[in-house]
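*Asks:* Here is my input; please provide its structure:
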Amino acid sequence: MEDVEGTKINNQQDGERSFICGVIEGFYGRPWTTEQRKDLFRKLKSMGMDSYMYAPKDDYKHRAYWREMYTVEEADHLSSLITAAKDAGIVFYYALSPGLDMTYSNQKEISTLKRKLDQVSQFGCEAYALLFDDIESELSKADKEVFQTFANAQVSVTNEIYAHLGRPKFLFCPTQYCASRAVPTVQESEYLNTLGSKLNNEIDILWTGDKVISKTISIESIQEITEVLRRPPCIWDNLHANDYDQKRIFLGPYVGRSPELIPHLRGVMTNPNCEFNGNFIAIHTLAFWSRCSVDSKMDSSISADIKLETENEEEMPTEFLSKNVYHPRVALKNAIADWLPEFFTEKEAWGPITKPQPQVQMVMPIIPIIPSINTCMSLTTTTTTSTNTRTVPEVNTTQLQALADVCTVTSTITPISNPVMNSLVSPTKVVTFEEIINPIPTTAACNIELPKKIPISIVPVPIMETRSVEASVELDLGNELFEEDDKEEQKSDSEKVDQADDSDEKPEPVASLSVDTMLDDSSLSPLSAGVNEPMECSSSIASQVSPREQDEVTKLVADDVLMESVNDVHIMHVESGTSSPISNAEMREEIEILDSPQENENDKTLVGFDSKITIDDLGLLCDLFYLPFEHGSRGLKLLVEFNWLKSNANVILQERSAGGDANKGTKPEVSEWLQRCEKFDGLCTRVLELLIKIANCENKEICHELYSYVWDISCALSLLNCYVKWLALGQFPQNMSSYTEGSYTWFSKGWKEAFMSGDQEPWVFRGGLIADLQRLMPVDSGNDLFVFKLPEKPRANYYLLRPYCNMDEQNVNDVCTRSYLQWQQKVDATNHITFPLPIPVSNIVADAIVGAHLTLCPELCFVAYDENNSIVGYVCAALDVNIFQRNLDLCWYTELREKYPKDLCLQESEEHLKPFVIQFVEQFHRSSEALEQCPAEVSGSFPAVLKAATLREVEEHDAGIMKRLLTVLLAALRANGCFGIHVCIPELDARQVAFYSRIGFVDIYRDEATKCIYMGRRF
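*Replies:* Numbering: from 1, shown residues only. You can find the predicted model right below:
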């Protein structure tokens, strides 16, 4: 491909050196495989890029064991990589990170470093890099006797190594690698000025911009650092890096950097997503950018999007059609078109899907978490972070820390180091070495220095991001990449959202947060904020410990607590030596494809839809996982539509109160609400279809890397969609907003401004669109409800939620009976009772457990159903346990006494059921005085009472289904002014105690007389 015009005159001091443009494999977590790297070289060549840097932070001998020489096997793999890069015309930069424990003044250390690089040189390598990021900037005692400053030590070693290797192409990553890390400023930094004056001028210096992850990089900022370093920097660009956030992958275009920067730079290398197959957009759009010479004439990519919204492709300005003009959305469109064929290339997936998990569970969103490890470098105790002042309300971090001390849990667990991984022993696998101890412990969160002040809207929320409603207009750039929406409706949406912001959003002050509202949240998280920092992109806890330690860890971490509520990262396929590939045929056998000919009442759009992924599907995928500082247009539309429906739900209530039929939409406002409800349902269905298409994708490597993200957001949307359907029933009070407002969300004043500004690093707003969607559910102190285990393998079957209706009664009864019998069989394996029960008593279990809820308060019942519309689980509640128990005695038990008389007779073949049946009959015929009453200690703070169950096989497929059901129920209870719920369990029923503990319930009262345990939770 053509060189960018102006590159050849780039920085006269660089002579004829070409502009560096390529990829850095420089993230934390599972490295890419040998075959993936070779595939990358081919892609880089086809896109006209020229460079690759081998620098995976957690690869065995790059950082933790940098002194160790490569074995014959490792040498073969590394040599093959270097050869493959040369064949593709790609410069292979081999990087080492020795700064964690190197003694700069020790000649033995320098000799070791030379010997290691000499070995790599023998493999044919001709370009190198030394990386001194993510290290303490204090010299050791021995080094202080030799070097005046830290910079002098690094310069001395680097210059010597550079000369020893014969002055090859060479990159250097400084410890102060961005403006916010420069001490005290870029211009006044002694460290940076020393590099500029003493580091060999032929050595190129890496720079990330104003921040670790810079929203924009300006010509002025580059001119400033160029003056200090006395050479133009090479940008290490973290825009698409995602190793700091477990719920985000970035599929948006390269933005925020004008091509007019190119003459002022030595080069640009992107450090992208951890997921290899998730980087096509990032790399493709960077390549497009590098071939351009000017930016579009818009002030920003956002304003350009707004302008493009009103134009057809034929009417677009000529500048957008010019090959040397860069526009992000045009670049995205082109990249998606070229990415699509990858999904139809058959590739095998190695091993089961394994998503790395954080080692810290936030019991509540208290402070913005600053990472100990992030995309490129990490904060240390000696660095400072500068932030720009804005009009957003701010709070001192000392106040936040005080709040954190009250709200977090203490723990004595020792921080777990990253697993030692090796990507140079297999072409298609990354192997972990459990027997090798990683000598580099992770940094505890408590050691991280916070900014002096942060926006107050960040305090009580999970980490979210977005862009303004006005700036998120959708485009139609051909090929139906983006949806067309009615412009007048969009305008109406924006106006109503603004009205909702003014009238409904009343952020609660920090001082109003009560410790009581977080009762026993500590029990929801087995690990405290004092353990490993959650930004760390390491593997799951299970993959970080050896088998002999597994039992101990298992005691601390519940099986289902394997996904953090506001940050879930990249998929990792960390393999043992015995792993084998899963063939496409085997994967197809495991995936249940939707081929039922019957029309599904709740999933009409899923019947007969094309299972092949399309360009528009990829456009939707990119919108859902866009960029660190903004959501894509359809991602934003999901937020806006749900917020509008929730804010305007009272029109349904008013219609029903007036005796009208809301379904007919007799009033315009009711009709509009119902139409937008249907449209929101359609948007959610599109995401579900996308999930199924990715699960059925021929390229199982892509499937494994993207599935978990889409599954996660699909689960979040199932919550919101179910809640909207419940609102449509009008079963809430007029003053609902007074119970559901108060939580900070994307629509809270100051929130999106703080996010979009780029003044904060994006890990302050962790979670992305998934977290934004989750936080719109009116449930506080519920982070644990978004913590659940991912499916073991991509599956095309799914479970959705909806409110209960009368037609569901028998199906719910069946689920109740089946789940009860499954549990009883675990308790007493000898007393095996099969389902279904005999007709006279077929519903006796359900009548005793859930029947009263379905009859007396069906408006607070929700069901989970599968792709065949079969109910697989339920949750039911009553708002006030005392009223419910009174009605239970007066109404429900009266009916059951007639249905199941004391002299109930069973056939001879059913005699073995007699003890089982008698226990229920006796329960129905107790006197009113003998019925258990809820203690005042429970009903006072936990007035609602719950019944819940799912089928065992469903929990095995989707461990989070019950938590999602419970989340919707709690939101409905909160809308009705209830903030506490409980269950009453027999003391000896360990199965139920374990079940409710997993969904966040804790012991609140023990009744010695009845031998019952009351478990509850606040929300």
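
*Asks:* And the strands in the stretch 751-900 of the chain?
*Replies:* 799-803, 861-866, 871-878 (DSSP state E, counting those that start in this stretch).

*Asks:* Same list (those) but as CSV, adding mean neighbour count, mean pLDDT and distance to N721.
*Replies:* C-beta: built from backbone N, CA, C; applies to glycine. CSV is the format used below for the strands of the stretch 751-900 of the chain (neighbours: other Cβ atoms under 10 Å; pLDDT from 0 to 100; distance: least, Cβ to Cβ, whole Å):
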stretch, mean neighbour count, mean pLDDT, distance to N721
strand 799-803, 22, 95, 8
strand 861-866, 23, 96, 12
strand 871-878, 25, 96, 16
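
*Asks:* what about stretch 934-951, how long is it end to end?
*Replies:* In terms of Cα to Cα, to the nearest Å, the two terminal residues of stretch 934-951 are separated by 28 Å.

*Asks:* which parts of that stretch are buried?
*Replies:* 934-935, 938-939, 942-951 (16 or more other Cβ atoms under 10 Å).

*Asks:* of the residues you listed, closest to N696?
*Replies:* L951 (24.6 Å; Cβ to Cβ).

*Asks:* doesn't I871 make contact with that closest one?
*Replies:* No. Assessed by Cβ atoms under 8 Å, L951 is found out of contact with I871, at 9.2 Å.

*Asks:* and for those two, which residues touch both?
*Replies:* V815 (Cβ atoms under 8 Å, 6 or more residues apart in numbering).

*Asks:* isn't there a strand covering L130?
*Replies:* Yes. According to DSSP: H, G, I helix; E, B strand; the rest coil, L130 belongs to a strand.

*Asks:* Now do the contacts for it.
*Replies:* Contacts of L130 by Cβ under 8 Å, 6+ apart are 95-98, 157-158, 161, 170-173.

*Asks:* Spatially nearest residue to N106 (excluding sequence neighbours)?
*Replies:* A142 (7.0 Å; Cβ to Cβ, 6 or more residues apart in numbering).

*Asks:* Quick check: next helix or strand after the one helix or strand the one you found maps to?
*Replies:* Using DSSP states H and E, A142 sits in helix 141-144. Proceeding C-terminally, helix 141-144 gives way to helix 150-164 as the next helix or strand, assigned by DSSP H and E.

*Asks:* Residues touching that next one, excluding its own?
*Replies:* Residues outside helix 150-164 that contact it (Cβ under 8 Å, 6+ apart) are 99, 102, 104-105, 110, 113-114, 117, 128, 130, 132, 137-139, 143, 146-147, 168, 170, 172, 174-175, 190-192, 194-195, 198-200, 202-203.

*Asks:* For the buried ones among the residues you listed, write the corresponding ChimeraX selection.
*Replies:* Buried residues among those (16+ other Cβ under 10 Å), as a ChimeraX selection:
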select :99,102,104,105,110,113,117,128,130,132,137,139,143,147,170,172,174,175,190,191,192,194,195,198,199,203
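
*Asks:* Cross the contacts of helix 150-164 against helices and list the overlap.
*Replies:* Among the contacts of helix 150-164, the residues falling in helices (DSSP state H) are 110, 113-114, 117, 143, 190-192, 194-195, 198.

*Asks:* Minimum pLDDT in these, which residue is that?
*Replies:* Here the lowest pLDDT out of the ones in helices among the contacts of helix 150-164 sits on D143, with 92.

*Asks:* thinking it is in contact with Y104, fair?
*Replies:* Yes. Using Cβ under 8 Å, D143 is in contact with Y104, at 5.1 Å.

*Asks:* Worst mean pLDDT across the helices and strands of this protein, which element?
*Replies:* Among the helical and strand segments of the chain, the one scoring lowest on mean pLDDT, DSSP states H and E is helix 541-544, with a mean of 31.

*Asks:* Just the mean pLDDT for stretch 980-997, thanks.
*Replies:* 90.

*Asks:* number of nearby residues for L100?
*Replies:* 14 (other Cβ atoms under 10 Å).

*Asks:* close enough to count as contact, it and F132?
*Replies:* No. Assessed by Cβ under 8 Å, L100 is found out of contact with F132, at 9.4 Å.

*Asks:* can I assume S221 is in contact with A179?
*Replies:* Yes. Look at S221 against A179 with Cβ under 8 Å: they come within range, at 6.7 Å.
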